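Asker: output the structure for:
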Amino acid sequence: MLDKNDRTLWELIDHILSLSLVRKGLISTLYDSICNITPHSLQDVRRLWENDLGAEMADDQREAVLKLIHSSSPCARHSLIQLKIALRAHLTKAKLAKIFPSMDPACPRCKGQPADYIHMFWSCPRLNTFWANIFNAYSIMFQKNIAPNPLCVLFGCTPEIRGLKGKAGAIIAFTSLIARQLILLFWKKNSPPNFPRWIRDTMHFLTLEKIRYTLKGYLQEFERSWTPFLEYYKIPVLRLLPLLPSVTPFFLIVLCLILHFILFLVIIIIIIIIIIIIIIILLYYTY
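Answerer: Numbering: from 1, shown residues only. Down below sits the predicted model:
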């Protein structure tokens, strides 16, 4: 039986989920709904997250989580996704199993642990490669080691942002939201999302962002803000990733070695051809 505070929270979630995505003033409605959440119900959600994370959330972290709901992306659909994650509104198999006892609560990916909220987004072993590749990309982009952490995975905020320059925080918030959206798309599937799909979807949304900035006359601001990610995408191997069904760090290493070996052979062949041409010219003028 839900108490008064829980009932207020779930009524709010039902109201938000019933809103039309094409409704005028959707962002304002979402913002007002967040502001009208009773302190007790929000504290209940905070307590659940702290139990999952195994640590208390500081007030500044909580404020950052709430702020990122509407600042991670200008897209209303993305804001709704982030809001539902913050409020734990998605139905997991572990939650459904409490309602329907005959339902198996096991994770559809690893088949071993209950599919609760923290497991579906963070602790599932089948997601390790996915998140490791993403955070390795962040480390390359910003030339600083950024280790995978649940706060960034779940909400897009990470302590390492304070030591980074430029729009690093905005890039991590937006791209990690794309990763969370992918996890939701693969919510019921046996396989986890993959790194090439994350690259492809991020570039798709960046194309739309570039159009939006261009229409407002802020193209230089777009290029300045997204330079780290765009420079990372220019790496030759990474441009092939969206064409591949899946990828692993070992595969990337092997592919890099093969490409470097082919380039070395091409250079050797060109040098040999140049030497042969020089010899032929010398012999021609000698005789």
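
Asker: what is the least confident helix or strand in the chain?
Answerer: The helix or strand of the chain with the poorest confidence is helix 236-240; it has a mean of 53 (mean pLDDT, DSSP states H and E).

Asker: give me the pLDDT value at residue 196.
Answerer: Model confidence at residue 196, expressed as pLDDT, equals 88.

Asker: quick one: mean pLDDT over stretch 266-274.
Answerer: Stretch 266-274 carries an average pLDDT of 93.

Asker: with just CA atoms, put it into CSV.
Answerer: Only the C-alpha atoms of stretch 266-274 are listed here, as CSV (Å, rounded to 0.1, in the frame of the first residue of the first chain):
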residue,chain,number,x,y,z
VAL,A,266,52.2,1.6,-49.5
ILE,A,267,55.0,4.0,-48.6
ILE,A,268,57.6,1.2,-49.3
ILE,A,269,56.1,0.5,-52.7
ILE,A,270,56.1,4.2,-53.6
ILE,A,271,59.7,4.5,-52.6
ILE,A,272,60.7,1.5,-54.6
ILE,A,273,58.9,2.8,-57.7
ILE,A,274,60.6,6.2,-57.3
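
Asker: would you mark the buried spots in it?
Answerer: The neighbour-count check on stretch 266-274 (16 or more other C-beta atoms under 10 Å) flags nothing as buried. Just so you know, the C-beta spots here come from the backbone N, C-alpha and C atoms, and that holds for glycine as well.

Asker: ok, stretch 223-235 next?
Answerer: 225, 226, 228, 229, 232, 233.

Asker: and for stretch 55-74?
Answerer: 57, 61, 62, 64, 65, 66, 68, 69, 70, 71, 72, 73.

Asker: my read: the third one touches residue 46, true?
Answerer: Right, residue 62. Yes - with contact defined as C-beta atoms under 8 Å, residue 62 and residue 46 form a contacting pair (6.3 Å).

Asker: in the stretch 51-200 of the chain, which ranges drop under the pLDDT threshold?
Answerer: Applying pLDDT under 70 to the stretch 51-200 of the chain flags the ranges 160-166.

Asker: hmm, back to that, okay if I get the buried residues of stretch 55-74 as CSV plus distance to residue 91 and secondary structure?
Answerer: Output for the buried residues of stretch 55-74, formatted as CSV (distance: C-beta to C-beta, whole Å; DSSP: H, G, I helix; E, B strand; the rest coil):
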residue, distance to residue 91, secondary structure
57, 23, coil
61, 26, helix
62, 24, helix
64, 26, helix
65, 21, helix
66, 23, helix
68, 23, helix
69, 20, helix
70, 24, helix
71, 26, helix
72, 23, coil
73, 23, coil
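
Asker: show me where the chain has helices.
Answerer: 4-17, 26-35, 39-53, 59-71, 76-86, 93-99, 117-118, 128-142, 150-155, 168-185, 195-215, 219-233, 236-240, 249-286 (DSSP state H).

Asker: and of those, who's closest to residue 110?
Answerer: Closest approach to residue 110 among the helices of the chain (C-beta to C-beta): helix 128-142, 10.3 Å.

Asker: export that closest one as CSV, just CAs?
Answerer: Output of helix 128-142 as CSV, limited to C-alpha atoms (Å, rounded to 0.1, in the frame of the first residue of the first chain):
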residue,chain,number,x,y,z
ASN,A,128,30.9,-3.0,-18.9
THR,A,129,32.4,-2.9,-22.4
PHE,A,130,29.8,-0.3,-23.6
TRP,A,131,30.6,2.1,-20.7
ALA,A,132,34.3,1.4,-20.8
ASN,A,133,34.5,2.4,-24.4
ILE,A,134,32.5,5.6,-23.9
PHE,A,135,34.6,6.8,-20.9
ASN,A,136,37.8,5.9,-22.8
ALA,A,137,36.5,8.2,-25.5
TYR,A,138,36.0,11.0,-22.9
SER,A,139,39.5,10.5,-21.7
ILE,A,140,40.9,10.9,-25.2
MET,A,141,38.7,13.9,-26.0
PHE,A,142,39.7,15.8,-22.9
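
Asker: list the buried residues for it?
Answerer: 129, 130, 131, 133, 134, 135, 136, 137, 138, 141, 142.

Asker: cool, and stretch 145-158?
Answerer: For stretch 145-158, the neighbour count (16+ other C-beta under 10 Å) marks 146, 148, 149, 150, 151, 152, 153, 154, 155, 156, 157, 158 as buried.

Asker: name the residues that touch it?
Answerer: Residues from elsewhere that reach stretch 145-158, judged by C-beta atoms under 8 Å, 6 or more residues apart in numbering: 49, 53, 61, 64-65, 68, 72, 82, 85-86, 118, 121-122, 131-132, 134-135, 138-139, 159-160, 169, 172-174, 176-177, 179-180.
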